[in-house]
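Participant: here are the coordinates; sequence isn't available:
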Ligand code: G6P
Ligand code: MN
């Protein structure tokens, strides 16, 4: 089967390739597509050094890449890491959170990405209509919903954070055998509310456990034992930006550089080193450093020993289930179809799904904690306004989207943000 990776010159692509070396992978041909031939060449060198996997080719021609694809991964970054820095710095400069997927930065990232994702989805519908499309591009839920307008349920959004959270909590609970995760919300905005093992929800026992047990995993340290006990649920790490907004903004303002600035520096050096030295060594060192410093600005104390793969593992499991008769249970971004009764049927939500060769079907009976309902609805309304602004090229609607985000919550501020982003990003000139 043929897999195409859009954004094939991206730093995490060799992770996906390493997952494809697993004998259970259905992929025999891998095509990397990117708009940047230099990055494509660098990442191809790393992949070749990883050893023999599927037949590899690289191209900057989108139609050529997509033709005959069975699977398409979309992992693009419109305006690259310099765009991430702008997303962050404009927001921080105006006093609000500068994270790339949550808050003002996420709205900006969405506004410039949706038109590109929309064009890609149209092209896939034309030249590879039966391909399964796996979207990694952030903001992943919003971008998946944009692509679903053309691809329906053949586009599936993925994120590593819900399954990683589930793995860490299962380990803290001492679970070794099979368990199922009651996780629900939107991408980067979800909660784990139950963990069923042997027909029983064992999550409540975590909240009765010692502080040490609650501090034995990342989210327990990030949110603190008292708060987890009060919530009776484990929030996704991105909820930190909502529960601790003021301190998150202060930490960003006090930092010598943003995450984007750090990565821009680190990644530029890494791609240079791949070109001039040992490609695999340069890439591996940069990957370790990137992982070790993830959310360090937020005070996240990384749980490096939790084991299990990241997003490449989710992608492999998903492809395997879509290509075989063995169903899998995965937390995915898909159209809701009634699984979560607080948003409409077409809204893309992040929920557990049963995946077969017919595609993922969201499981019913999941819910978000009561205090999160209004937040989920409000962020989905923001996403819908972004989609509408992109579809209509409307600056006024873009301002409405920005103002409706709970971490902005002001029309004059939203106007200032949209004006500033529009003057920095040529990609936003379409907003009139
Ligand atoms: C997690 C999130 C991804 C996000 C990444 C950012 O894995 O689930 O959606 O892209 O973190 O990591 P970075 O190293 O780019 O800050
Ligand atoms: Mn994610």
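Facilitator: That came through, no problem. Computed from a prediction, not measured in an experiment: that's the story for all the values here. Numbering: from 1, shown residues only. Ligands and ions are numbered 1, 2, ... in the order given.
Participant: buried sites along stretch 30-44?
Facilitator: Of the residues in stretch 30-44, those scored as buried under the neighbour-count criterion (16 or more other CB atoms under 10 Å) are 30-36, 39-44. In short, each C-beta sits where N, CA and C put it, glycine included.
Participant: try stretch 312-329
Facilitator: Residues 312-323, 328-329 are the ones in stretch 312-329 that count as buried (16+ other CB under 10 Å).
Participant: swap in stretch 349-357?
Facilitator: When burial is assessed from 16+ other CB under 10 Å, stretch 349-357 yields the following buried residues: 349, 350, 351, 352, 353, 355.
Participant: Would you convert those residues into a markdown table that also reports distance to residue 263?
Facilitator: Converted to a markdown table, the buried residues of stretch 349-357 look like this (distance: CB to CB, whole Å):
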| residue | distance to residue 263 |
| --- | --- |
| 349 | 29 |
| 350 | 24 |
| 351 | 30 |
| 352 | 31 |
| 353 | 31 |
| 355 | 32 |
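Participant: Out of the buried residues of stretch 30-44, the closest to residue 234 would be?
Facilitator: When those are compared for distance to residue 234, the smallest value, 34.7 Å, is given by residue 43; criterion: CB to CB.
Participant: Please report how far the closest one lies from ligand 1.
Facilitator: Going from residue 43 to ligand 1 by CB to the nearest ligand atom, to the nearest Å gives 16 Å.
Participant: isn't that residue right up against residue 5?
Facilitator: No. Between residue 43 and residue 5 no contact is recorded; they are 9.2 Å apart, counting by CB atoms under 8 Å.
Participant: before we move on, the earlier item: name the nearest of the buried residues of stretch 349-357 relative to residue 261.
Facilitator: Here the nearest of the buried residues of stretch 349-357 to residue 261, counting by CB to CB, is residue 350; it sits at 28.6 Å.
Participant: Does that closest one belong to a helix, a strand or coil?
Facilitator: State at residue 350, reduced to three classes by DSSP: H, G, I helix; E, B strand; the rest coil: strand.
Participant: need the residues of this structure near ligand 1, please.
Facilitator: Counting by CB under 6 Å from any ligand atom, the residues of the chain close to ligand 1 are 138, 159, 160, 161, 259, 263, 290, 294.
Participant: 5 Å instead?
Facilitator: For the chain, the residues in contact with ligand 1 (CB under 5 Å from any ligand atom) are 159, 160, 161, 290.
Participant: These in helices, which ones?
Facilitator: Here DSSP state H is the test, and the residues of the chain next to ligand 1 give 161, 290 as lying in helices.
Participant: Counting neighbours, what do you get for the closest residue to residue 118 other than its chain neighbours?
Facilitator: Nearest residue to residue 118, sequence neighbours excluded (CB to CB, 6 or more residues apart in numbering): residue 146, at 5.5 Å. Number of residues near residue 146 (other CB atoms under 10 Å) recorded here: 28.
Participant: Tell me which residues touch residue 158, please.
Facilitator: Taking CB atoms under 8 Å, 6 or more residues apart in numbering, we find residue 158 in contact with 134, 135, 136, 140, 311, 314, 315, 318, 332, 333.
Participant: looking at it, residue 235 is touching residue 218, isn't it?
Facilitator: No. Applying CB under 8 Å as the test, residue 235 and residue 218 come out as separate, 11.4 Å apart.
Participant: and the residue nearest to residue 118, what pLDDT?
Facilitator: Residue-level confidence at residue 146 comes out at 98, pLDDT.
Participant: got the phi/psi numbers for it?
Facilitator: When read as degrees, to the nearest 10, the backbone of residue 146 gives phi -60, psi -40.
Participant: same question, residue 33
Facilitator: phi -120, psi 140.
Participant: Tell me which residues touch residue 22, please.
Facilitator: Contacts of residue 22 (CB under 8 Å, 6+ apart): residue 316.
Participant: wait, residue 333 sits on residue 348?
Facilitator: Yes. Shown here, residue 333 and residue 348 form a contact pair, counting by CB under 8 Å, at 5.3 Å.
Participant: and the longest helix for this structure?
Facilitator: Within the chain, and with DSSP H defining each element, the longest helix by residue count is helix 104-127.
Participant: What lies in contact with the helix or strand following that one?
Facilitator: Going down the chain from helix 104-127, the next helix or strand is strand 132-135, by DSSP states H and E. In this structure, residues lying in contact with strand 132-135 by CB under 8 Å, 6+ apart are 70-74, 117, 121, 124, 143-144, 147, 151, 154-158, 315, 318-319, 322, 333, 359.
Participant: Just the buried subset of those residues, please.
Facilitator: Buried by 16+ other CB under 10 Å: 70-74, 117, 121, 124, 143-144, 147, 151, 154-158, 315, 318-319, 322, 333, 359, out of the contacts of strand 132-135.
Participant: Could you pick out which of those are located in strands?
Facilitator: When strands are assigned by DSSP state E, the members of the buried ones among the contacts of strand 132-135 inside them are 71, 72, 73, 74, 155, 156, 157, 333, 359.
Participant: who's in contact with the second one?
Facilitator: Meaning residue 72. The neighbours of residue 72, taking CB under 8 Å, 6+ apart as the test, are 3, 4, 5, 6, 66, 124, 128, 131, 132, 133, 134.
Participant: Bridge partners for it, pull those for me.
Facilitator: residue 4, residue 133 (DSSP bridges).
Participant: now swap in the last one and tell me
Facilitator: Residue 359 forms beta bridges with residue 356, as assigned by DSSP bridges.
Participant: What distance do you get for it to residue 60?
Facilitator: Separation of residue 359 from residue 60 (CB to CB, to the nearest Å): 30 Å.
Participant: all strands of the stretch 201-350 of the chain, in order?
Facilitator: Ranges of strands within the stretch 201-350 of the chain are 234-235, 328-335, 348-356, based on DSSP state E, counting those that start in this stretch.
Participant: Who are the packing partners of the longest one?
Facilitator: It refers to strand 348-356. The helices and strands touching strand 348-356, judged by 3 or more CB pairs under 8 Å, 6 or more residues apart in numbering; DSSP states H and E, are helix 140-151, strand 180-186, helix 311-323, strand 328-335, strand 359-362.
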